[in-house]
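Novice: Predicted structure and sequence below. I'll ask about it afterward.
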Number of protein chains: 2
Amino acid sequence: MADAAGASKEELAPASSSPEEEVEEEELIGTLKESLLEHLSLNLRRHAPNNTSQVAIVGSNLCPIESLDYELVENELFNQDWRSRGRSAILRYVFLKWTFCLFIGLVSGAIGFFNNLSVENVAGLKFATVSDLMLADKYWTAFGVFAGSNLALLIFATAITAFVSTAAGGSGIPEVKAYLNGVDAPDIFSLRTLAVKIVGLIAAVSSSLHVGKAGPMVHIGACIGAIVGQGGSRKYGMTWRWLRYFKNDRDRRDLVTCGAAAGIAAAFRAPVGGVLFALESLSSWWRGALIWRAFFATAVVAVTLRALMDVCESGRCGLFGKGGLIMYNVTADNITYHLADLPPVILLGVIGGILGSLYNFLMLKVLQIFTLINQKGPAYKLLLAATVSIFTSCCLFGLPWLAPCRPCEKDDCRVIGHSGGYNNFQCPPNQYNDLAILFFNTNDNTIRKLFSSGTNDVFHKSSIMVSFVASYVLGIVSYGVAAPFGLFVPIFLTGAAYGRVTGMLMGTNTTLDHGLFAVLGAASFLGGTMRMTVSVCVIILELTNNLLLLPLVMLVLLISKTVADSFNPNIYHLILKLKCLPYLEDHVEPYMRQLTVSDVVTGPLRIFNGVEKVSYIVHILKTTGHHAFPVIDEPPFSSPPVLFGLILRAHLLSLLRKKHFLPTCSLAGSDASKKFVADDFAKRGSGKHDHIEDIELTAEEMEMFIDLHPFTNTSPYTVIETMSLAKALILFREIGLRHLLVVPKSSNRAPVVGILTRHDFMPEHILGLHPYLSESRWKRLRFQKSTFTRFYRACLMWACS
Amino acid sequence: MADAAGASKEELAPASSSPEEEVEEEELIGTLKESLLEHLSLNLRRHAPNNTSQVAIVGSNLCPIESLDYELVENELFNQDWRSRGRSAILRYVFLKWTFCLFIGLVSGAIGFFNNLSVENVAGLKFATVSDLMLADKYWTAFGVFAGSNLALLIFATAITAFVSTAAGGSGIPEVKAYLNGVDAPDIFSLRTLAVKIVGLIAAVSSSLHVGKAGPMVHIGACIGAIVGQGGSRKYGMTWRWLRYFKNDRDRRDLVTCGAAAGIAAAFRAPVGGVLFALESLSSWWRGALIWRAFFATAVVAVTLRALMDVCESGRCGLFGKGGLIMYNVTADNITYHLADLPPVILLGVIGGILGSLYNFLMLKVLQIFTLINQKGPAYKLLLAATVSIFTSCCLFGLPWLAPCRPCEKDDCRVIGHSGGYNNFQCPPNQYNDLAILFFNTNDNTIRKLFSSGTNDVFHKSSIMVSFVASYVLGIVSYGVAAPFGLFVPIFLTGAAYGRVTGMLMGTNTTLDHGLFAVLGAASFLGGTMRMTVSVCVIILELTNNLLLLPLVMLVLLISKTVADSFNPNIYHLILKLKCLPYLEDHVEPYMRQLTVSDVVTGPLRIFNGVEKVSYIVHILKTTGHHAFPVIDEPPFSSPPVLFGLILRAHLLSLLRKKHFLPTCSLAGSDASKKFVADDFAKRGSGKHDHIEDIELTAEEMEMFIDLHPFTNTSPYTVIETMSLAKALILFREIGLRHLLVVPKSSNRAPVVGILTRHDFMPEHILGLHPYLSESRWKRLRFQKSTFTRFYRACLMWACS
């Protein structure tokens, strides 16, 4: 067997880091690393050594992760599969795929509507009760009810996340993004996670915490897509022959992408924005046909929402208002602006970019600390949630007391707080408290109020200022709690407040409406934190239903993104790195051009013969964690060694389980593959894997042989050993590979000299092998002014080792 | 030298076609083929045999075409290039790229505005003159002036296209699409083409021909991008050191994509739609950073248009109206619809799909005939243009006589024809002719009128019907004229008329406004012909400035596209095939899974040694048309033959021109590459190539040697010979390759056994080599119910042979 390189080197020893780097590590990072390593070793001990795999923080806990198989396996069995069987199977497949998209759209739309309905009713009931108590001057009781219900709701959300499905914690966008990049984690798309996500989201958002529901909706949509694409469930007896077409990661990836697009569409009632969001920020691979299918799913979401809102129009949905609840209609008919309005708008963009990147920086610091706390166990998670909830309640209830009462003009008191009378807070009738309008409300209502035009004089300068600072701080503090919620809406809210602040500070220097400033402020802050452009722009347009804003929104987004990009990466990227998810970037680091692939492949390489002994296969499967093995024909089957292809661990396990062994070392004949159906080799659902330990073989069987030829992928992608790492990475990522064979450049060598996997392209692996490159690497990173570099490295070195 | 396969086999003998297929050819196709072959052979005779290359119809004439080099060349010289030289060069590069995008946006916006202004003024002047004559009852003179000016304008447009730049003919979208797919044609992006395109477009659109300006705007935008990216001009002494960063096809591709997006944005004032159009229908490769840059360019277009329209607001731009001319504002404030309105809308989509695919079918038939005529020479082009122009003038002037005069209600006569008094046509004052409103107007104005809401009673049923039929026919007939114009607007117009017809036929069965029906009709017809989804949807929304339409527009688009897709491919695809542009599809034909790459590579393969004799290099370059050659180290430099890399023809020519030869067959030493700068190997602008004939060498020089090592790309992409063709195609297209090396599967062979190029993945080449596959291929195509299959094959076999 060749010994030049190794396949799926997840079991490798931790990459060594040079001493001077160790010294540089900060105290905090050291602590985090230790704590995580403890978990890792625990994890290692629990699993047998051959099953060790990479781990990352998925949701709110550490989980082992694997790569996904997007590559088409072309073996003899595959060629007898349905794909070559003609029209009716293809028609069935196409029909089913469209039906699934329809289903994803319908269910995502319904869940999005249900979420909104529930939040409006739960939070509305809470606010109504508290307001009634306030009107009766029972201020302490009111605070008790307010803080108590918030605490109960958040504790409930955190508890179900901690005890039922930890994968449901957080927004889920980093996990979906990693999945679409080719990283699979257990449980992220299970039915249990879906249920916890929906229920937890409603509770968490209703608890007046400074959180949103857009991120979880992406995860929920993706969940629906993945569950639909799982091909039924053997456990619950739900199987159907047609579903076998979807038992592969490629089709699931498409469905998950459509689901994610549908999720955003349902969260914001923004169908085009949903497609663009999935395209721009979530997916790593994209095809024309997929745009088309995702668009269908989001169109269905839009129609579903419309139909459900028609149902609610007659007031049968409790506190859920009339129709417009998901859309923030900016009702100003004719917003006008001219070139003279550009300077304030540009200033807004620049400051928004700076504030946004600062937000990312602070958010990451807080997340690091909170992650350490959450790692200690469920009790700590609950404690943290309780602390944050009480802090938030105090802020929301306490700060409005600072604001003076202001007299209503005409019918203002009805118009402004049109859901009820709770906006006058401590004030006498016919007066209102403008801070209470902003704090004592659901986030959706607050945004709607900030966006309203013609309300320049409703809010006092100091109130808007307090609201902005409080939003900024609460947004940063809230996201670390281990419950299901997202950070899109709080960023939106903070940005809107920031925009109003800027508008007010401009005073008479601008003629633009403050409501328009709020919209532009939200855009600039989104640009500064999330760094998306087209999708955020379209989402804002769809939310505000005003296309005339387009050029200004584009300008602000471009400026704030450019400014913020010179400080740090976008927030999802930071969270991905914090969670140690091995995300393959779409750009190439400069030092990768200096290396060839043979500089990074490490041994030992495990190879099978075309006809291999069962005991040897079992031995290799038990002692390594590799997921694919080159198959090489050696004498007597071929006089010079010939590379026949690549066989997957999962397929080997299927072969061993079926036990169609050969008594001697000979070819199996042409009908060997007929003993199997394609379904035997179907890829199991996300996060599920077979284990070699579960297969029992007798001593007699161990001495027999398997002809691997009919089951080997004869079309593996290859690179020559002198290929630069940069170009190999482009190939690896563009095609969406899991394994890439390295072939020799000359003729007198073994036909394959190594295998590259995702791991080999991770910077910390490369820099571990070639520490002298660090200097050139830092050059690039310092250029990006990344302040988190060292943390990343520590974190990645730990997780991917 | 190995002899297994061939590189860049553009000079191969025509692929043989089996006799029964020959019999099947239709008369028409036979004639076309003959006529084209005649041109081809003329072309062949004019060029030396070693320079033969593939040909296709570019613009309105046959041109030789080449592939583009998108792959990064990684050789010793490259590694000493600016990319590895640190921060300041990178900053310069980034700064320059953004500046170019800004420039592209500014210029595209300005040209778009200028085009509109010119068309409105030229056409407006014409209509005003004709109207005045009509009011004076001089009907024959009026017709004379109308037809005469139309004829003159179109003849002018056709003449400058035929005599100055044939590449400027047609919409240019197929050429841009092919360029972004990797097909380069001479002159498509030259300054001359740009000038002809702009002037010709204004003349052609002003000539009342049933054509639009969106397609040419894409070509114009792409032209600007390509000219900017050409890295200055040595001819005009316009060179600058910094521009050298852009002397490669990769950066040019990015700029062309941004330019195309900016073009659409300028044509429709639809910045988001422009980005999506470029993404969905034009580009074959896309990166996240490119969305971002294209978005910047279109944002600049939007701001530029806004600023220029502010300038025109005070009426200083002649007949150019007040601001809204590019946007079809649908002014209905509250369009309402409910689930009950869905059935008519669905019906609209279904019929729109059928009409759209029929449009494509008829358009292709007419184009085939017109192409035959145009091929005969400039005189025939002018004759054809004259015929079409006179036919159109007769229709536009003659048909309104059929409509009866209708009395104006209140101020209708002012409101409807608000640009002047020419809508009463032959009618007395205070009456109007509704057909004249639709025919006797610029296309933009007609669309605006069809889209207006609250005008259900303005148009008579029969008038709308006549208008629809006339638009349908004129649109099909007009596009074949060899002048610069597009087909987006006529399709839009026909669709709007179709929508109104449907609305009228529905009568009281629907409560939807007829203006809304016109918008939905336009969407369904666009979906039925162009088959774009997200981009058309966004463009329509941006055009009508009404987001409430979104769900209905999406639904209609989805239905019409689905219906039409079951009949034939989209219109641009049909035109691409008709023009024989070797476009690499993003899907894989089923029979490609049955073949391995070794089934399609054909010989002979030309190989160079690491140190090669000058005379041999010259000989090979003169006798083959290959564009890349594997470099293999053989004894004495390496004992077993070793694959060193791939060297490009263009780089060999640069080496020969510099004449740094070695007297003996030895390695050149480490400073060999220092005699060259990266600029020596810069890729020349689109369509420009060096020729071996231009290099003169003495007999002494011919006996010397070149060390090719420092100039060889050491990281060529490779596949093993047993790789399936389908997976090789995925690699080839996803990475954007020009050459793909085939390496052997076993150890006792030469280290490279062939090269795959774009040509090898073309269906007609594969089916020529393996005629027995035709059966399985037809299965797929019949499934798609493509009626054009045979024509394609004849055409492709001819062009790519």
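Specialist: Here it is on my side, so go on.
Novice: In space, what's closest to residue A:488 - neighbours in sequence excluded?
Specialist: Setting aside the residues directly before and after it, residue A:488 is nearest to residue A:214 in space (C-beta to C-beta, 6 or more residues apart in numbering or on different chains), at 3.7 Å. C-beta coordinates here come from the backbone N, C-alpha and C atoms, glycine included.
Novice: My guess is the one you found contacts residue A:265. True?
Specialist: No. Counting by C-beta atoms under 8 Å, no contact exists between residue A:214 and residue A:265, whose distance comes to 10.5 Å.
Novice: Please identify which of these two sits among more neighbours.
Specialist: The residue with more neighbours, out of residue A:214 and residue A:265, is residue A:265; 35 against 24, by other C-beta atoms under 10 Å in any protein chain shown.
Novice: wait, isn't that one in contact with residue A:273?
Specialist: Yes. Under the criterion of C-beta under 8 Å, residue A:265 is in contact with residue A:273, at a separation of 7.2 Å.
Novice: what about residue A:428, how many neighbours?
Specialist: Residues near residue A:428, counting by other C-beta under 10 Å, number 8.
Novice: wouldn't it be in contact with residue A:406 here?
Specialist: No. Under the criterion of C-beta under 8 Å, residue A:428 lies out of contact with residue A:406, with a separation of 11.4 Å.
Novice: Output the contacting helices and strands for the longest helix belonging to chain A.
Specialist: Longest helix of chain A, by residue count under DSSP state H: helix A:87-135. Packing contacts for helix A:87-135, counted by 3 or more C-beta pairs under 8 Å, 6 or more residues apart in numbering or on different chains; DSSP states H and E, involve helix A:139-163, helix A:191-206, helix A:214-228, helix A:249-268, helix A:288-312, helix B:774-783.
Novice: avg pLDDT for that helix?
Specialist: Across helix A:87-135, the average pLDDT comes to 88.
Novice: and what of stretch A:473-492?
Specialist: Taken as a whole, stretch A:473-492 carries a mean pLDDT of 91.
Novice: One more: stretch A:294-313?
Specialist: Averaging the model's pLDDT scores along stretch A:294-313 yields 84.
Novice: cool, and stretch A:559-575?
Specialist: Averaging pLDDT along stretch A:559-575 yields 90.
Novice: can you give me the end-to-end distance of that stretch?
Specialist: When the termini of stretch A:559-575 are compared using C-alpha to C-alpha, to the nearest Å, they are 23 Å apart.
Novice: same check, this time on stretch A:452-467
Specialist: Taking C-alpha to C-alpha, the first and last residues of stretch A:452-467 lie 16 Å apart.
Novice: residue boundaries of the strands in chain A?
Specialist: Per DSSP state E, chain A carries strands over the ranges A:55-58, A:61-64, A:66-67, A:183-184, A:406-407, A:431-432, A:608-609, A:611-613, A:628-633, A:642-648, A:705-707, A:718-720, A:740-743, A:754-756.
Novice: Paired strands for the fourth one, with orientation please.
Specialist: Yep, that's strand A:183-184 we're talking about. Note on strand A:183-184: by DSSP bridges, its sheet partners are strand A:66-67 (antiparallel).
Novice: Can you name the residues in contact with the partner strand?
Specialist: A:53, A:54, A:182, A:183, A:184, A:185, A:627, A:689, A:738, A:757, A:758 (C-beta atoms under 8 Å, 6 or more residues apart in numbering or on different chains).
Novice: Let me know the closest of those residues to residue A:172.
Specialist: Nearest to residue A:172 among these is residue A:185, at 11.0 Å by C-beta to C-beta.
Novice: what number of residues lie near that closest one?
Specialist: Counted with other C-beta under 10 Å, residue A:185 comes out at 24.
Novice: So it is in contact with residue A:63, correct?
Specialist: Yes. Under the criterion of C-beta under 8 Å, residue A:185 is in contact with residue A:63, at a separation of 5.2 Å.
Novice: quick one: common contacting residues for these two?
Specialist: When C-beta under 8 Å, 6+ apart defines a contact, the residues bordering residue A:185 and residue A:63 alike are A:56, A:167.
Novice: Pass me the low-pLDDT residue ranges in chain A, would you?
Specialist: Counting by pLDDT under 70, the ranges of chain A that qualify are A:1-53, A:79-86, A:231-241, A:314-315, A:318-338, A:409-424, A:547, A:670, A:672-673, A:774-801.
Novice: Tell me who's in contact with residue A:587.
Specialist: If you count contacts by C-beta under 8 Å, 6+ apart, then residue A:587 has residue B:289 around it.
Novice: From residue B:151, how far off is it?
Specialist: 55 Å (C-beta to C-beta, to the nearest Å).
Novice: now swap in residue A:524 and tell me
Specialist: Distance from residue A:524 to residue B:151, by C-beta to C-beta: 54 Å.
Novice: Tell me the residues on the stretch 651-800 of chain A that lie near chain B, please.
Specialist: Those residues of the stretch 651-800 of chain A that sit near chain B, judged by C-beta under 8 Å from any C-beta of the partner chain, are A:714-720, A:722-724, A:726-727, A:730-731, A:734-735, A:743, A:745-751, A:779, A:783.
Novice: Identify, out of the strands of chain A, the most deeply packed stretch.
Specialist: Ranked by mean neighbour count, those are led by strand A:754-756 with a mean of 28 (mean count of other C-beta atoms under 10 Å in any protein chain shown).
Novice: Pairing partners for that one, with directions?
Specialist: In the sheet containing strand A:754-756, the strands it pairs with under DSSP bridges are strand A:740-743 (antiparallel).
Novice: Enumerate the residues of the stretch 451-600 of chain A near chain B.
Specialist: Proximity of the stretch 451-600 of chain A to chain B is confined to A:533-534, A:537-538, A:541-542, A:545-548, A:550-551, A:554-555, A:558, A:561, A:586-587, A:590, A:593-594, A:596 under the rule C-beta under 8 Å from any C-beta.
Novice: Buried ones among the residues you listed?
Specialist: Neighbour-count burial (16 or more other C-beta atoms under 10 Å in any protein chain shown) is assigned, among these, to A:533-534, A:537-538, A:541-542, A:545-548, A:550-551, A:554-555, A:558, A:561, A:590, A:593-594, A:596.
Novice: ok so, going back, in a markdown table, list the strands of chain A along with distance to residue B:133.
Specialist: Supplementary listing: the strands of chain A in a markdown table, determined by distance: least, C-beta to C-beta, whole Å:
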| stretch | distance to residue B:133 |
| --- | --- |
| strand A:55-58 | 78 |
| strand A:61-64 | 81 |
| strand A:66-67 | 76 |
| strand A:183-184 | 73 |
| strand A:406-407 | 68 |
| strand A:431-432 | 68 |
| strand A:608-609 | 89 |
| strand A:611-613 | 92 |
| strand A:628-633 | 80 |
| strand A:642-648 | 79 |
| strand A:705-707 | 89 |
| strand A:718-720 | 74 |
| strand A:740-743 | 74 |
| strand A:754-756 | 77 |
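Novice: Tell me which of these lies nearest to residue B:68.
Specialist: The stretch from those with the least distance to residue B:68 (C-beta to C-beta) is strand A:718-720; that distance is 22.4 Å.
Novice: what sits up against that closest one?
Specialist: A:597, A:727-728, A:731, A:740-745, A:752, A:756, B:643, B:716-720, B:723, B:743.
Novice: Tell me which of the helices and strands packed on helix A:87-135 lies nearest to residue B:95.
Specialist: The closest approach between residue B:95 and any of these, judged by C-beta to C-beta, belongs to helix A:288-312 at 32.3 Å.
Novice: what angle separates that closest one from helix A:249-268?
Specialist: 40 degrees (axes from the mean of the first three to the mean of the last three C-alpha atoms, to 10 degrees).
Novice: tell me what helix A:288-312 is packed against?
Specialist: With contacts defined as 3+ C-beta pairs under 8 Å, 6+ apart, the secondary structure elements packing on helix A:288-312 are helix A:87-135, helix A:249-268, helix A:271-277, helix B:534-544, helix B:550-565.
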